[in-house]
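> show me how the following folds:
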Amino acid sequence: MNLSTLFRPRWPHLYLLLLLATFFLVEPGARAQTTPAWTSVQRSISSGTGSGSGGRHIVIGADGSQYVTGAYAGGSLTLGTATLAGAGGRYTFLAKYSAAGALIWNKIIPGISSSHIAVDAAGNVYMTGFFTTPIALGTTTLTLAAINNYDSYLVKYDAQGVQQWVRQGNGNGISTGGIAIDGAGNVVIAGDTEGAVSFGGPPTPVGGPRPDIFYCKLSPAGAVLQAKLVTTGSFIIVNSLALDTAGNAFIAAELNGTATFGTTTVVGTGSTDILLCKLDAAGNFVWARRDGGTGTNGVYSSALSVAVDAGGNPVVAGAYGTSTNSQPYVALYTTQGTQVWARQVTNGTMYSAANSVAYDGRGGYLVTGMFENSALFGTIPLTAAGRHLFVARYDSQGNAVWADQAAGTSSTDTSTGNFIVADASGNGFVVGSATGNAAFGALATTPGTSTASSDIVIAKFTVGNVLTPTRPTVPAAVLACYPNPASGHTTLLLPAGGGQLVVLDALGRSVQQQALPATAGEYAVSLAGLTPGLYQLLTMLGNGQTARIQLGVQ
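As a prediction, the model looks like this:
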């Protein structure tokens with residue numbers, strides 16, 4: 001079974017894009033580096049009639065452990081030292097590996113169609129997505145309402161894999177497309193819906209009859225803190241979510257036609273378009289941007305992934321093209337929504353896409369996906385018969401630093417990169433699928449007995465040297481507050497332009513978040529509920545500047 005069958009989206013054109021987007025692995029490093037240094041690769045094989053498997057998502061815990069999710073079908077799946085049972089049909093798995101890559105625990109969930117994961121500082125892992133048939137999560141069974149053809153779920157496991165709680169969207173046509181953890185340990189999800197969304201709390205306003213964006217924030221205990229319907233009367237497919245340090249949310253999506261954000265309207269120019277929008281920490285709309293080709297007949301573009309760099313700037317990856325040829329796409333924006341640069345990767349004559357993007361913590365941006373026959377990343381060419389996974393690294397100016405691929409030996413060998421991430425030690429990880437032979441540098445992988453079946457691949461590489469930013473940086477602002485120390489409240493002196501304020505405790509945890517006024521002058525900050533001690537006030541101003549000041553609370 002081909003991986004594309006397991007991850008087939010709800011919309012035909014996105015299916016075509018993702019079909020190709022299952023084959024890239026390119027990793028950037030330092031300026032002199034032309035390929036990543038591959039350090040390990042694991043291949044997990046499913047067996048049985050009509051079998052097939054693929055990795056969907058990977059996140060890294062604070063201790064270096066890796067959490068991986070994906071899907072398999074047809075029969076059992078060999079995952080490290082464990083054999084995951086299967087008796088036909090489709091299954092979603094969630095697995096935790098140690099920092100050294102040893103399997104610690106795994107979960108099997110029959111029937112789920114999609115999964116996204118996030119991990120908090122304590123190693124608790126949250127998984128969300130959509131399902132189309134009843135599913136069992138521990139002792140909880142989720143069913144579809146009579147009017148639904150799909151619904152969303154959110155489940156929490158602790159670091160030992162013990163299920164903590166389950167929540168269901170409980171609406172009409174709900175699909176979760178992204179998940180992230182904020183500085184306070186709350187879980188934020190975003191997706192698209194044709195009806196109200198609850199997840200155990202008060203429902204959002206009703207969306208539809210076409211998919212609109214929803215945003216929901218829950219506490220670590222599963223209580224709904226915020227629930228918003230972001231657009232109205234739109235046709236949007238949400239694919240990814242990322243948060244900055246202030247809790248602002250960036251949502252990457254596919255736009256079909258027009259999106260209405262309150263009084264702001266974004267009009268698409270293609271059959272589908274790349275859409276990026278920003279919400280503040282309370283889920284309020286800040287701005288939206290579109291990109292893509294022109295022409296409503298066969299011009300398909302989509303934002304498939306978003307990440308945030310150290311300066312809070314969002315970077316987007318996806319596909320840009322037509323019904324006969326799509327190109328991997330990556331673009332960097334400022335916090336105010338100005339596009340800094342955009343790159344379309346020249347490729348062969350079929351569908352190709354960048355499925356995932358990540359900031360590597362070392363000044364670079366990592367991208368993975370799939371290309372067919374050939375691709376040109378800046379001046380770096382990749383060539384191979386068939387469709388193959390790539391990884392690439394870009395610097396802050398949009399220059400390709402390096403690129404590489406999973407190499408096959410014939411046109412029947414295929415592979416795809418579905419998600420990419422970097423840890424704090426300069427290692428990159430890519431998860432995806434491979435059919436037939438696939439080698440990552442000198443590390444060859446062995447396919448299963450059925451070369452027509454796709455297998456899960458998890459590959460690790462070194463990112464490369466720290467890249468020095470070459471574009472001008474915005475100087476830090478000077479922040480003043482009085483009184484300091486203070487009790488009850490303190491007053492900030494702010495420039496015009498608004499922004500976000502985050503109050504951090506002595507351990508660097510976010511304990512308060514709020515929007516700043518657009519007008520200049522004095523602004524009172526309530527300190528209610530803060531225990532005496534040292535804190536930091538961190539501002540991300542509307543002009544792109546950041547500032548922080550230490551505050552004593554009495």
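> shaky segments in the stretch 101-250 of the chain?
113, 146-148, 171-172, 207-208 (pLDDT under 70).
> pop out the phi and psi values for residue 362.
The phi/psi pair for residue 362 (degrees, to the nearest 10) reads phi -130, psi 20.
> if I look at the residue nearest to it when sequence neighbours are not counted, how far off is residue 395?
The spatially closest residue to residue 362, leaving aside those adjacent along the chain, is residue 466, at 4.6 Å (Cβ to Cβ, 6 or more residues apart in numbering). From N, CA and C alone the C-beta is placed, and that goes for glycine too. Distance of residue 466 to residue 395, given as Cβ to Cβ, to the nearest Å: 11 Å.
> circling back: the residue nearest to residue 362 in helix, strand or coil?
Look at residue 466: counting by DSSP: H, G, I helix; E, B strand; the rest coil, its state is coil.
> tell me if I'm right that it and residue 361 touch.
No - with contact defined as Cβ atoms under 8 Å, residue 466 does not reach residue 361; the gap is 9.0 Å.
> does residue 307 sit in a helix or strand, and which one?
If you go by DSSP states H and E, residue 307 is part of strand 295-308.
> where does the stretch 251-400 of the chain dip in pLDDT?
Applying pLDDT under 70 to the stretch 251-400 of the chain flags the ranges 323-324, 348-350.
> do the stretch 401-550 of the chain as well
Those would be 449-452, 470-476, 507-510, 542-544, if you go by pLDDT under 70 across the stretch 401-550 of the chain.
> so which residues of it form helices?
Using DSSP state H, counting those that start in this stretch, the stretch 401-550 of the chain contains no helices.
> just want the most central residue of this protein.
residue 240 (4.5 Å; Cα atoms, centre = their mean).
> comparing residue 466 and residue 361, which residue is more hemmed in?
When residue 466 and residue 361 are compared for neighbours, residue 361 comes out ahead with 15 against 12, by other Cβ atoms under 10 Å.
> ok, the more buried one - contacts?
Neighbouring residues of residue 361 by Cβ atoms under 8 Å, 6 or more residues apart in numbering: 310, 422, 424, 426.
> what number of residues lie near residue 446?
When neighbours are counted by other Cβ under 10 Å, residue 446 comes out with 9.
> hmm, residue 43 and it touching each other?
Yes - counting by Cβ under 8 Å, residue 43 is a contact partner of residue 446 at 6.6 Å.
> check contacts around residue 166.
Residue 166 is in contact with 137-138, 140, 142, 153-156, counting by Cβ under 8 Å, 6+ apart.
> quick one: the helices in the stretch 1-150 of the chain?
Remark: helices assigned in the stretch 1-150 of the chain by DSSP H, counting those that start in this stretch are 3-6, 12-20.
> pick out the shakiest of those helices, pLDDT-wise.
Across those, helix 12-20 has the smallest mean pLDDT, namely a mean of 35.
> identify the bridge partners of the nearest residue to residue 81 once chain neighbours are set aside.
Using Cβ to Cβ, 6+ apart and skipping the chain neighbours, the partner closest in space to residue 81 is residue 103 (5.6 Å). In this entry, residue 103 is beta-bridged to residue 97, by DSSP bridges.
> and residue 103, how far from residue 130?
Residue 103 sits 27 Å away from residue 130 when distances are taken as Cβ to Cβ.
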